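K.L.:
My questions concern the predicted model and sequence given below.
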Amino acid sequence: MARNKEVLLLLLDVGPSMHSVLPEVEKVCSMLVQKKMIYNKYDEVGIVLFGTQDTDNELTTEVGGYQHVVVLRNTKVVDGDIVEALQQLPRGTNGGDFLDAVIVAMDMLIKKFGDTNKGKKRICLITNAQSPIKDPYEGSKEEQVTTIAKQMTAHGMKMESIIVRGKLSQDENKEIMDENDRLLNIFSKETSTRLLYVEDPISLFGALKTRNITPVTVFRGDLEFSPKLRIKVMVYKKTQEEKFPTLKKYSDKAPQSDKFATHEVKIDYEYKSSDDPDIVIPPDQRIKGYRYGPQIVPISTAEWEAVKFKPEKGVKLLGFTDSSNVLRHQYMKEAYVFIADTGNAKAGLAVSALARAMKEMNKVAILRCVWRNGQGSVVIGVLTPNVSDRENIPDSFFFNVLPFAEDVREFQFPSFTNYPASCQPNRQQLESAANFIKMLDLAPDGEKEVLLPDFTPNPVLARFYHYLDLKSKHPDAAVPPLDYTLRKITEPETDLVLQNQSVIDSFRRSFELQGNPLKKPKRSLREKINNEEGKENITAPPANLIEYTSIKVEKIGDSTPVQDFEAMISRRDSPDWVLKAINDMKNKIFDMVEDSHEGDNYTKAVECLVALRKGCILEQEPNQFNNFLKHLCNFCKEKNLQSFCEYLATKRVTLIPKTEAIDSDATDEEARSFLVKSESKSD
């Protein structure tokens, strides 16, 4: 028997009031079994339906009662038959009594497993709890539920209840639902199990936990406040990224008659000498190297072990700080949970007292953590109190890893304040943008949050599991389109868009769209000449550079240097492109001026200089342009190219002053007088 084998009974309400949500119930339950076939192939799953027209269970035959409860599938190892059964659930005609279904499920588990598999037997109830529960022969309903819950705990069973409640109509009996909610709350308190209420299909997909993960301690030891104050704690992972199943290579060369063939492909590597390919280099003669500039520095395993940092295992307090000093976006990696050591009453009391005091004072703790001996890294993180509001759940802490200075990425984005006044957004544009952002808020004031993280499934993974099941039955099946329910996660909500159409139209009208300059219509030579003559002030405020996302230009050519420069400086796949574009454009301008014959390249050089000026303003590099322009004028003076400086004066190309870029070191007076000074020096 597998160590983590789980036995799961699905109790599904198929009564008339559940018909509208049964398609989503079919999807989420079949996906659960599909995941178990990948990750927990030894798990057993059974299906019990209630609210059916027929009755088919052993308790009805043995003692009578328990009407309209059908055991659709007895518990067995997960396979494709269970998936097919869940994808075609019958529609019932009677109200579902979930208490009868729970008793039938308990009877099935006790008869088959007895007292074995304690803690590995799980019951999952999915209903809307809108049908009345029959009165017991003796006592009250609350007493009956309490007795059932105690028996469930005694036999090592766990139960989770998912209550599907959408928008209620006036036909629903609220008294019945309130009574059922009280009974389900008793189950939750007596057995310490989950009770969840969901309102839409998306939340239903995320509410049913499809992976059975055995908790493993990351750390077990002392939380050290000082050499004289320690608390025994255990640390577990709270969240972890769910990834695609590992794909392995398989071979079809094994004989079909060999039932024990694994079909796995094993790969072996051999390292051979470059001088003699027939000589194999053994592991003790191989050494790793690290590139350091143009050379490779070899470092042996012994040297690497000697240089490694080997801290001692332990969790130590560095200090406390206000919670406002630690921002949410600074959290890194997975989240952890700190709980008191099991069975240690003093540790539980200390953890609870500390958590409640930190909560009251709005404080968090900064910890230094080394989870295990031999760990080559130290973790610095923030400990946040998690005060429980339930008696049967103790207080605890959440722990999140914080970045070191090397882990922080400060991405520099241009600010509107750095642009000239003509490029500043006006009041109407700011209001339109603010209303547009407010419209997209998933947690508006006074309303429930949409797409709650705890109940929002990963649509990519869900689609993969569905397609894998389809591919197993039909090898030539094409990839189906994304399911409608999952598509609602990845696409804007249609109702939300329609309700705020006026906000969207206002946002669209407030901003003017620009065309792609790469598709400019061809102009005649006469139009180009007239356009050049009409350019009297080249230092006009720059227009926003348009990103050439579809063209990956890597160098500035001779035919279209301005367009190449704009494409390079607009690339965002690496921060190095801005500096490279600026440097390449400087070199291109130098070449044009130096290779010019009687000023034939001056016009093109000035066009490139103007483009460079605009780019340096937008990318907040004004000093790059100013230093280059000064250097260019000095270069022209040394090479007897004063005519180019005179040509610049006629085109009014100046330094970038502070009024155009706040980072500039040049004042307005220096920018205006620069060409005059250069011209007087050349005379």
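P.N.:
Arrived safely, thanks for sending. Numbering: from 1, shown residues only.
K.L.:
Return the residues in contact with the closest residue to Gln412 other than its chain neighbours.
P.N.:
Excluding the flanking residues, the one nearest Gln412 by CB to CB, 6 or more residues apart in numbering is Gln620, at 7.3 Å. (Glycine included, C-beta is placed from N, CA and C.) Shown in contact with Gln620 (CB atoms under 8 Å, 6 or more residues apart in numbering): 412, 414, 418, 661, 663.
K.L.:
My understanding was that the third one contacts Ser664; is that so?
P.N.:
No: the pair Asn418 and Ser664 fails to qualify as a contact (CB atoms under 8 Å) at a distance of 9.7 Å.
K.L.:
Looking at the two, which is more packed in?
P.N.:
Ser664 (24 against 17; other CB atoms under 10 Å).
K.L.:
That one is in contact with Leu629, isn't it?
P.N.:
No: applying CB under 8 Å, one finds Ser664 not in contact with Leu629, separated by 11.9 Å.
K.L.:
what helix or strand does the residue positioned nearest the centre of the chain sit in?
P.N.:
Of all residues in the chain, the one closest to the mean position by CA atoms, centre = their mean is Glu241, 8.7 Å from it. Assigned by DSSP states H and E, Glu241 belongs to no helix or strand.
K.L.:
Where does the prediction get shaky in the stretch 51-200 of the chain?
P.N.:
117-119, 167-172, 192 (pLDDT under 70).
K.L.:
And the chain, by the same measure?
P.N.:
1-4, 117-119, 167-172, 192, 210-212, 513-551, 572, 675-683.
K.L.:
Can you spell out the domain ranges of it, please?
P.N.:
The chain breaks down by automatic domain parsing into domains covering 2-207, 215-402, 539-682.
K.L.:
Among those, which comes closest to Ile489?
P.N.:
domain 2-207 (6.2 Å; CB to CB).
K.L.:
how about the residue nearest to Asp407 when sequence neighbours are not counted, what does it touch?
P.N.:
Counting by CB to CB, 6+ apart, Asp407 lies nearest to Met332, which is 6.9 Å off, once chain neighbours are set aside. By CB under 8 Å, 6+ apart, Met332 lies in contact with 400-403, 407.
K.L.:
Please report how far Met332 lies from Leu402.
P.N.:
As judged by CB to CB, to the nearest Å, Met332 and Leu402 stand 7 Å apart.
K.L.:
the helices in the stretch 301-450 of the chain, which residues?
P.N.:
Secondary structure of the stretch 301-450 of the chain (DSSP state H, counting those that start in this stretch): helices at 301-307, 345-361, 427-439.
K.L.:
if you compare those helices, which one is most tucked away?
P.N.:
helix 345-361 (a mean of 16; mean count of other CB atoms under 10 Å).
K.L.:
that older thread, host element of the residue nearest to Gln412?
P.N.:
Counting by DSSP H and E, Gln620 is part of no helix or strand.
K.L.:
Then Asp663?
P.N.:
Short version: Asp663 belongs to no helix or strand, going by DSSP H and E.
K.L.:
thought it was touching Ser415?
P.N.:
No: with contact defined as CB under 8 Å, Asp663 does not reach Ser415; the gap is 10.3 Å.
K.L.:
ok, these two, which is more surrounded?
P.N.:
Asp663 (13 against 9).
K.L.:
separation between that one and Val265?
P.N.:
Taken as CB to CB, the span from Asp663 to Val265 is 58 Å.
K.L.:
What lies in contact with stretch 387-398?
P.N.:
Contacts of stretch 387-398 (CB under 8 Å, 6+ apart): 189, 192, 238, 335-340, 348, 351-352, 355-356, 359, 383-386.
K.L.:
10 Å instead?
P.N.:
188-192, 223, 233-236, 238-239, 331, 335-340, 348-349, 351-356, 358-360, 364-365, 367, 381-386 (CB atoms under 10 Å, 6 or more residues apart in numbering).
K.L.:
and it, C-alpha only, in CSV?
P.N.:
Only the C-alpha atoms of stretch 387-398 are listed here, as CSV (Å, rounded to 0.1, in the frame of the first residue of the first chain):
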residue,chain,number,x,y,z
VAL,A,387,-4.4,35.3,15.1
SER,A,388,-7.1,32.6,14.8
ASP,A,389,-10.8,33.4,15.3
ARG,A,390,-11.7,29.7,15.9
GLU,A,391,-11.3,27.9,19.2
ASN,A,392,-10.0,24.7,17.6
ILE,A,393,-7.4,26.4,15.5
PRO,A,394,-4.3,27.8,17.3
ASP,A,395,-2.6,31.1,16.6
SER,A,396,0.4,31.0,14.3
PHE,A,397,2.7,33.1,12.2
PHE,A,398,3.2,33.5,8.5
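K.L.:
How far off centre is it?
P.N.:
Stretch 387-398 has its average C-alpha position 27 Å from the chain's average C-alpha position, going by CA atoms, centre = their mean, to the nearest Å.
K.L.:
Stretch 220-227 too?
P.N.:
The answer for stretch 220-227 is 33 Å, by CA atoms, centre = their mean.
K.L.:
isn't Gln624 right next to Lys630, touching?
P.N.:
No: contact status for Gln624 versus Lys630: not in contact, 11.5 Å apart, counting by CB atoms under 10 Å.
K.L.:
Comparing these two, which residue is more hemmed in?
P.N.:
It is Gln624, of Gln624 and Lys630, that has more neighbours when counted by other CB under 10 Å, with 19 against 14.
K.L.:
And the more buried one, which helix or strand is it part of?
P.N.:
helix 622-638.
K.L.:
buried set for that helix?
P.N.:
622-626, 628-629, 632-633, 636 (16 or more other CB atoms under 10 Å).
K.L.:
How far off centre is it?
P.N.:
On CA atoms, centre = their mean, the centre of helix 622-638 falls 47 Å from the chain's centre.
K.L.:
for stretch 260-277, same thing?
P.N.:
Using CA atoms, centre = their mean, the offset of stretch 260-277 from its chain centre is 38 Å.
K.L.:
which non-adjacent residue is nearest the residue nearest to the centre of the chain?
P.N.:
In space, Glu241 is closest to Glu334, 7.4 Å off (CB to CB, 6+ apart).
K.L.:
was I right about that neighbour contacting Thr239?
P.N.:
Yes: counting by CB under 10 Å, Glu334 touches Thr239, with 5.3 Å between them.
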